[in-house]
Every structure is written in structure tokens, then in C-alpha cells.
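>>> turn this into a model:
(chains A and B)
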Amino acid sequence: MATFVFLYFAAVIVMAASLVVLVRNPIYSALSLLVMFFHVAGLYVTLHAEFLAAIQIIVYAGAILVLYLFVVMLLNVKREEQFNRQGPVALFLGVVLLTEAVLLTVSRGFTVGAPEPGREGAAVGNTESIGEVLYSTYLFPFEIASLILLVAMIGAVILSKKGIMESK
Amino acid sequence: MVGGLDLFLDYLAKYSPIVVFIILAAGFGIVTLVLSYLVQPKYPEDEKLSVYECGSEPFSDSRMPFPVRYYVIAMLFVIFDIEVIFLYPWAVTFDQLGVIGLIEMMIFIGLFVVAYVYAWRKGALEWD
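Just a heads-up that it's a prediction; the model follows:
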């Protein structure tokens, strides 16, 4: 049963991810990405990572996808236009990633089915155990994250400032 | 994997309300669309099928580029959304982290205040 649920999520993820690159209309591919995000969240739930699943829906499906949609509408991409001149680069990266995936599955022993769920913190909840580790052992990466977000915001403001000034 | 199966069934019991919600939400959309398609009278005419824009002929393509401000707002939303996400595990374990946890979070939020002040001063929050 667990394997069946895993196979459902994995199949929908693969199909939705393929649609993202196969569909001509960029809005449709963004919505296909939304379906993929939700099913990845479902996969996280089966791995007992509830906090990650909630974040997957709040941040990826809620915020990042809106950002993608705005960018698509901002660029005003027409359905007929094609951007497939990066073919050789994509082919190269695809081959590298495929080799990596094959090597990883071969070296770890290939099995079809649900991955082993992580350690279940029976006494404390998922969010609590993340909090305990994040704010003690992984304190430095946590503070670095805020710095990265600061850089991201400055970059966004600088990149778009020109456009705002022009339209004023 | 017997223990795993028990764990999984326990999970299924816990998540059944969410599954019911998803089925209801998807079902509502599908049933509404299918039912209205089945019961609607179909008398298509050229005038009916033409693009309607307050009675006048449409004078431009509806796919017009969005102003770049939407992107800035969405980017700010993503960044402060992630800030709030980091607050959740901190709030849950606040009593165990103590004063050090408070100082950590103050540094974290302090950097976000810098980002916020920067966006404000640069006029990224203003619309016109």
C-alpha cells in the first residue's frame, strides 16, 4: 500500500515535470509545475517530513509559483515563440544528470518501491525536532540564509528599479 | 516492513481529512464544469462566439506585458514568506532554546529589517 502511494506520487511527478517542458503555452507549464509541487509535498508526507511538506506547499506552490507566473506575464511570452536554442547545453546537462542518477541508484542497490521513512520523532513533533537542530547545530547556515535572502532582495530591487524608473 | 505498514496506516488515518478535502475540492470543480456542460443549451452563433469587450470590438491583444512592479511585490512576498517559515520551528522550541535562541532570532530578523528598510528607501513598496 505504501509502495502504491509512492508509485502514484512518483508517476504524477514525472508526468507533470515532463508536461512543464513539453507544453507550448508557458502558463500551462507553470500550472503543471503547481501539480508537481503538490505531489512532491505528498511524497514528503509519506517520508514523515510533514514540516517540509507544509513548506513545500506554502513557499513553492504559494509564493515561488506566483513569482514564475508574474515573470511569464512580465516577459509576455507568446505561445508561438520558441526558446530551444540551448539544445546542446540541455543535452549535455541531461546526460550528466542521468549518469549521476544511474550511478547513484546502482551504487545504493536499485529497488522499486517506497523509500524508507525517516526516523519518526514519536515524543516530539516534526517541527519541534527541526527547531531543536536548526537553532543549535545548524545555527550558522540558518543565519547565512537570512543573508542570502537579503542579497536576493537587493538583487530583485536593483534589477527592477530601472523598469520602475522608466515607467514613472 | 510490518512496522512500516502499521506506521503507514496510522498516517493514512491522520491524513484522511486532508484526502477528503482534496477530493471534495477537486470534485466540486469537476462536477460543476461537467454538469454545466451537460445541461447548457448549445446554439452557437458567430456573434455569440466573438470576443466580448463591453460591447465594442477588442482593440488590442489581451496578452499585454505586466508591469515589473508585480515581480518586485512577488519577490518581496517570497522573501518575507521564508522569514515567517523560519519563525515556526523557532516558536515551537522557544522554551528549550532560551536566551540564545532569542539572540539568534534577533540577528536573523535584524538582517530582514535591513532588507525591509532597503526596499522601502529604494521605493520598491510604492506603486506609482
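
>>> okay, domains of chain B per the record?
B:1-62, B:65-128 (automatic domain parsing).

>>> switch these over to a markdown table; also include distance to A:Ile58, mean neighbour count and mean pLDDT.
Heads up, the C-betas are built off the backbone N, CA and C, glycines and all. Formatted as a markdown table, the domains of chain B follow (distance: least, Cβ to Cβ, whole Å; neighbours: other Cβ atoms under 10 Å in any protein chain shown; pLDDT from 0 to 100):
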| stretch | distance to A:Ile58 | mean neighbour count | mean pLDDT |
| --- | --- | --- | --- |
| domain B:1-62 | 15 | 9 | 80 |
| domain B:65-128 | 7 | 16 | 86 |
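
>>> surely B:Leu97 touches B:Trp90?
Yes: using Cβ atoms under 8 Å as the test, B:Leu97 is close enough to B:Trp90 to be in contact (7.2 Å).

>>> shared neighbours, the two?
Common contact partners of B:Leu97 and B:Trp90 (Cβ atoms under 8 Å, 6 or more residues apart in numbering or on different chains): A:131, A:135, B:104.

>>> what is the nearest of these to B:Val34?
A:Gly131 (45.4 Å; Cβ to Cβ).

>>> tally of neighbours for that closest one?
24 (other Cβ atoms under 10 Å in any protein chain shown).

>>> quick check, it in a helix?
Yes: assigned with DSSP: H, G, I helix; E, B strand; the rest coil, A:Gly131 falls within a helix.

>>> settle this for me: A:Met153 is touching B:Tyr118, isn't it.
Yes: the criterion here is Cβ under 8 Å, and A:Met153 meets it with B:Tyr118 at 7.1 Å.

>>> can you tell me if stretch A:100-111 touches chain B.
No: judged by Cβ under 8 Å from any Cβ of the partner chain, stretch A:100-111 and chain B are separated, with a smallest distance of 11.8 Å.

>>> give me the buried positions along that stretch.
By neighbour count on 16 or more other Cβ atoms under 10 Å in any protein chain shown, the buried set for stretch A:100-111 is empty.

>>> got it, and stretch A:67-76?
Judged by neighbour count (16+ other Cβ under 10 Å), stretch A:67-76 contains these buried residues: A:67-74.

>>> possible to save those residues as CSV with pLDDT?
Listed next are the buried residues of stretch A:67-76 as CSV, based on pLDDT from 0 to 100:
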residue, pLDDT
A:Leu67, 88
A:Tyr68, 88
A:Leu69, 87
A:Phe70, 86
A:Val71, 84
A:Val72, 83
A:Met73, 82
A:Leu74, 81
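
>>> filter those residues down to the ones in helices?
Of the buried residues of stretch A:67-76, the ones assigned to helices by DSSP state H are A:67-74.

>>> next, B:Leu12: phi, psi?
When read as degrees, to the nearest 10, the backbone of B:Leu12 gives phi -60, psi -40.

>>> re earlier: just curious, which of the ones in helices among the buried residues of stretch A:67-76 is nearest to A:Leu43?
For these, the nearest to A:Leu43 is A:Tyr68 (20.6 Å; Cβ to Cβ).

>>> residues in contact with that closest one?
By Cβ under 8 Å, 6+ apart, the contact set of A:Tyr68 is A:30, A:33.

>>> next, the contact list for A:Phe37, please.
With Cβ under 8 Å, 6+ apart, A:Phe37 has these contacts: A:56-57, A:60-61, A:65.

>>> show the pLDDT at it.
A:Phe37 carries a pLDDT value of 94.

>>> do you know how far it is from A:Leu22?
Going from A:Phe37 to A:Leu22 by Cβ to Cβ, to the nearest Å gives 18 Å.

>>> now do the helices in chain A.
With helices called from DSSP H, chain A shows them at A:2-22, A:26-46, A:50-55, A:65-75, A:87-108, A:126-134, A:139-167.

>>> pull out the buried residues from the first one.
By neighbour count, and taking 16+ other Cβ under 10 Å as the criterion, the buried residues in helix A:2-22 are A:2, A:5-6, A:9, A:12-13, A:16-17, A:19-20.

>>> tilt between that helix and helix A:87-108?
Counting by axes from the mean of the first three to the mean of the last three Cα atoms, to 10 degrees, helix A:2-22 lies at 170 degrees to helix A:87-108.

>>> ditto for the last one
Between the axes of helix A:139-167 and helix A:87-108, defined by the same axes, to 10 degrees, the angle is 160 degrees.
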